[in-house]
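Colleague: After the sequence you'll find the predicted model.
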Amino acid sequence: IQKSFVMMKPDAVARRLMGKILSRFEEKGLQIIGVKLMQIDEELAKTHYGEHADKPFFDDLVKYITSSPSLAMVIKGEDAISTIRKMVGATNPLEADLGTIRGDYAMDTGRNIIHASDSPESAEREISLFFDEDEICEYSIVDNVWIYE
Ligand code: GTP
Ligand code: MG
C-alpha cells in the first residue's frame, strides 16, 4: 500500500473541478487520507518544484502555482503512485490520452490542472513538505473487501 501526494493546481480549483477530480480517485477505489485547500507561497512552490529550478519555464510555473489556492491531498492505495500518474496523464494535456484527467479537462502544459508524485521518494518528500502528521487521517473503510481480493 502506497501513499501519494496529489495537488489540484489553481486552475482546477478556480474552474470548480475539485469535486469531479476527487470523485475519479474515490471511484477508482483509492482512499483520500488528507485534504487541504491552501494558498501556496513562493518559497513552498520553489521547494516543491526544485528539480525544475534551471528550466526556462520555472518562473512561470512558480507564478502559476502561487496565483490562487490549490487543493493538496494525500491519497492511499495499492500502487497508488503509478496508478495516479496514469489517471493524471501526460504533462502536455494535448498529448494526454482522453480518459485521463489532463486529457479530459486541460489544453495547455502551463495550465495542466493537477500534480501527482512520480516516485516513492518524491511522494515521501512532498507529503512531508505539505502535511503535518496530524493532518493525515488513517481510517478503515468497509468496502475495501470489495476493492481488493
Ligand atoms: P507535475 O505532476 O506537476 O510535476 O507534472 P509532471 O510530472 O507531469 O511534469 P514535470 O514535473 O516535468 O513538470 C512540472 C510542471 O511544470 C508541469 O506539470 C507543468 O505545469 C510545468 N511545465 C513543464 N514543462 C513546461 C513547459 O514547457 N512550459 C510551461 N509553461 N510549463 C511547463
Ligand atoms: Mg513532476
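Modeller: Structure's in. What do you need? Numbers count the residues shown, from 1 in each chain. Ligands and ions are numbered 1, 2, ... in the order given.
Colleague: can we go C-alpha only for contacts and neighbour counts from here?
Modeller: Noted.
Colleague: element containing the one residue sitting closest to the centre of the chain, please.
Modeller: Closest residue to the average C-alpha location of the chain: residue 6 at 2.1 Å, with Cα atoms, centre = their mean. Following DSSP states H and E, one finds residue 6 within strand 2-8.
Colleague: Next, see if whichever helix or strand comes after that strand gets close to ligand 1.
Modeller: Going down the chain from strand 2-8, the next helix or strand is helix 10-14, by DSSP H and E. No. Taking Cα under 6 Å from any ligand atom as the criterion, helix 10-14 and ligand 1 are apart, separated by no less than 10.7 Å.
Colleague: chain center to helix 10-14, what's the gap?
Modeller: Centroid displacement of helix 10-14 relative to its chain, using Cα atoms, centre = their mean, to the nearest Å, is 12 Å.
Colleague: Just confirm the residue nearest to the centre of the chain contacts residue 76, I think it does.
Modeller: No. The pair residue 6 and residue 76 fails to qualify as a contact (Cα atoms under 8 Å) at a distance of 10.4 Å.
Colleague: pLDDT value on the residue in the chain that ligand 1 sits nearest to, please?
Modeller: The minimum distance from the chain to ligand 1, using Cα to the nearest ligand atom, falls at residue 115 (3.4 Å). We note a pLDDT of 98 for residue 115 in this prediction.
Colleague: Show the contacting residues for it.
Modeller: 6-9, 88 (Cα atoms under 8 Å, 6 or more residues apart in numbering).
Colleague: for it, phi and psi?
Modeller: When read as degrees, to the nearest 10, the backbone of residue 115 gives phi -120, psi 150.
Colleague: what residues does the chain put near ligand 1?
Modeller: 57, 60-61, 90-91, 109-110, 112, 115-116.
Colleague: Please flag which of those residues sit within strands.
Modeller: Among the residues of the chain next to ligand 1, DSSP state E puts 115-116 in strands.
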